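Peer 1: Sequence plus predicted model, see below.
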Number of protein chains: 2
Amino acid sequence: MFVIHQIPMLYTYDYPHPAVTVDCVIFGVDQPTVLQVLLIQRKIPPFAGAWALPGGFVGLDESLDEAARRELAEETGLKDVFLEQLYTFGTVDRDPRERVITVAYYALVNLTEHPVQADTDASDAGWFPLDRLPPLAFDHGLILERAIARLKGKIRYEPIGFELLPRRFTLTELQKLYETILGQPLDKRNFRKKILAMGLLRSLEIFRTGVANRAARLYEFDLEAYQRLKQDGFSFEL
Amino acid sequence: MFVIHQIPMLYTYDYPHPAVTVDCVIFGVDQPTVLQVLLIQRKIPPFAGAWALPGGFVGLDESLDEAARRELAEETGLKDVFLEQLYTFGTVDRDPRERVITVAYYALVNLTEHPVQADTDASDAGWFPLDRLPPLAFDHGLILERAIARLKGKIRYEPIGFELLPRRFTLTELQKLYETILGQPLDKRNFRKKILAMGLLRSLEIFRTGVANRAARLYEFDLEAYQRLKQDGFSFEL
DNA sequence: TCAAAAGTGTTGACGGTACACCCATGT
DNA sequence: ACATGGGTGTACCGTCAACACTTTTGA
């Protein structure tokens, strides 16, 4: 049985109409700093039981960005996060059912301030560290790979790493984050010098106490300062 | 009248199906170095008479990349060029007829070796310098802006500028190209030092003669050398 | 011989990297 | 007192930017 959905009144053109979905690669970190991705377990075929990126079909009355934000909220409860278009995947046989074109987005989330609800549709959701991934449905492994590459590239010259941390963080936490994403150790003194010299961090008179060592000073990312500097052709580097 | 086109047999899902197109931003240069874009004049509404990016609908049996290459060949005769996905545009009212999602690509072309045929469909095509653009149909102005930004960014850290030049070129031609794309003058001695030090250029024993000044040495881009270096974690810079 | 572009080196400033020790805190 | 992570400065080196004159060629 064919169901024709929402054909607009003006539609008089003999053009193909594929299905279009948005999928979201959602990165988060927890302590100790491990990069993780949010996956959802499929309940229905194809790939029933396999894990997949959260996502869904794009409505005719919503933009791609809106669709991505809606799906994100519906399936994980996340709102107001850093979200950016990644790439559009459109090979012919991505989905065994019919031709599906997928616009992939990626999002950065800090787990402490945006707790992720297991999704509303009663399918399982879970965080997976990048080195312990289950087999993924469709070509989602490919999408994830591309998202990781983008994250690694972008984090060097745009201050997006802060999205993954709680609003207040220590310099060591920030450094650990960079080390996990870039996959290489960084020199502590050089890292601090560089990041502080940029003038993007507000240093607070608050310290992380209750640990079995010297209390660490907390910092906040100073968005206004960043926007001011960016206008004068300032470039964030490493 | 509704025309339902190529509904696949497996199609039993009640999901919206927008139209999907690919559009191509094709950059070229001519002498003296001016960056130009290829545009096509529309014959039919909407936006009849206005200029637009070449492009067209994506078939259900071809990938997005294939569709972009096909449209490029059909409308301009160009083949085997540097082509890369740019961004996907999906706001709701981009096209007054119906919901259309457009996957934009950009291409770099050297005019001397790939002469562009006025397209086959008997509509006019033409090159426009970036500072003398006609009003563009749909949101093609937006797409073009994004393509320019991408080109400016990418040319600094990937050796794609060579795609715009003939196979053999002088260092001054290369420098002029970078100056136009980046929109700033570069120091001649520093530019030569840097670009030659990378070891990506094969220096030839051929000279550009017949000009009213000293003959300039010609160079070729050495693709093999680049691929070798890239594997060892080499990074092209400016 | 003139005009027009090709070609070529040096220096100083700056930023990046390498590197080791003392301090504060809780157990 | 000890274990754990917090916090700090310097010296060397390489890279980038600034800068001007001589050479070749055709008109």
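Peer 2: Cool, got the structure.
Peer 1: Going by C-alpha atoms from here, please, whenever you check contacts or count neighbours.
Peer 2: Will do.
Peer 1: Up against DNA strand C, what does chain A have?
Peer 2: Proximity of chain A to DNA strand C, by Cα under 7 Å from any atom of the strand, involves residues A:187-190, A:194, A:209-215, A:237.
Peer 1: Pipe those into CSV and attach pLDDT and distance to chain B per row.
Peer 2: As requested, the residues of chain A next to DNA strand C are arranged in CSV below (pLDDT from 0 to 100; distance: Cα to the nearest Cα, whole Å):
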residue, pLDDT, distance to chain B
A:D187, 97, 20
A:K188, 97, 24
A:R189, 97, 25
A:N190, 97, 22
A:K194, 96, 21
A:T209, 93, 42
A:G210, 90, 43
A:V211, 90, 40
A:A212, 91, 41
A:N213, 93, 39
A:R214, 96, 39
A:A215, 96, 39
A:E237, 89, 14
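Peer 1: Just the pLDDT at the residue minimising distance to the centre of chain A, thanks.
Peer 2: For chain A, A:A107 is the residue whose C-alpha lies nearest the centre (Cα atoms, centre = their mean; 2.1 Å). Note on A:A107: pLDDT of 96.
Peer 1: Just list whatever residues bridge to it.
Peer 2: Applying DSSP bridges to A:A107 gives these bridge partners: A:I26, A:L83.
Peer 1: Which parts of chain A are strands?
Peer 2: A:19-30, A:34-41, A:51-52, A:55-57, A:82-89, A:100-110, A:125-129, A:168-170, A:201-208, A:216-221 (DSSP state E).
Peer 1: Tell me which of those approaches B:L171 most closely.
Peer 2: Counting by Cα to Cα, B:L171 lies closest to strand A:82-89 out of the strands of chain A; the figure is 34.9 Å.
Peer 1: residue contacts, A:R69?
Peer 2: Counting by Cα atoms under 8 Å, 6 or more residues apart in numbering or on different chains, A:R69 touches A:K79.
Peer 1: Could you give the number of residues near A:G233?
Peer 2: Counted by other Cα atoms under 10 Å in any protein chain shown, the residues lying close to A:G233 total 8.
Peer 1: Kindly report the same for A:D124.
Peer 2: Each residue near A:D124 was counted by other Cα under 10 Å, and the total is 15.
Peer 1: I'd assumed A:I40 was in contact with it.
Peer 2: Yes. Between A:D124 and A:I40 there is a contact under Cα atoms under 8 Å: 5.8 Å.
Peer 1: and the helix ranked longest in chain A, how far out from the chain's middle?
Peer 2: Ordering each helix of chain A by length in residues (DSSP state H) puts helix A:140-157 first. Centroid displacement of helix A:140-157 relative to its chain, using Cα atoms, centre = their mean, to the nearest Å, is 10 Å.
Peer 1: Tell me which residues of it come out buried.
Peer 2: The neighbour-count check on helix A:140-157 (16 or more other Cα atoms under 10 Å in any protein chain shown) flags A:H140, A:G141, A:I143, A:L144, A:R146, A:A147, A:I148, A:L151, A:K152, A:I155, A:R156 as buried.
Peer 1: Neighbours of the closest residue to A:D124 other than its chain neighbours, how many?
Peer 2: Excluding the flanking residues, the one nearest A:D124 by Cα to Cα, 6 or more residues apart in numbering or on different chains is A:Q41, at 5.3 Å. Other residues within reach of A:Q41 by the criterion other Cα under 10 Å amount to 20.
Peer 1: just A:V81 next, same as before
Peer 2: Close neighbours of A:V81, defined as other Cα under 10 Å, add up to 16.
Peer 1: mind listing what it touches?
Peer 2: A:V81 makes contacts with A:A107, A:L108, A:V109, A:E163, as judged by Cα under 8 Å, 6+ apart.
Peer 1: which one of those is nearest DNA strand C?
Peer 2: A:E163 (22.8 Å; Cα to the nearest atom of the strand).
Peer 1: now the closest one: how far from A:H114?
Peer 2: Distance of A:E163 to A:H114, given as Cα to Cα, to the nearest Å: 11 Å.
Peer 1: for A:R189, same thing?
Peer 2: Relative to A:H114, and taking Cα to Cα, A:R189 is found at 31 Å.
Peer 1: top of the contacts of A:V81 by neighbour count?
Peer 2: Each of those was scored for neighbours by other Cα under 10 Å, and A:V109 scores highest at 26 neighbours.
Peer 1: which residues touch A:F162?
Peer 2: So A:F162 contacts A:L174, A:F221 (Cα under 8 Å, 6+ apart).
Peer 1: My guess is the residue nearest to A:D124 contacts A:G55. True?
Peer 2: No. Using Cα under 8 Å, A:Q41 is not in contact with A:G55; the gap is 11.8 Å.
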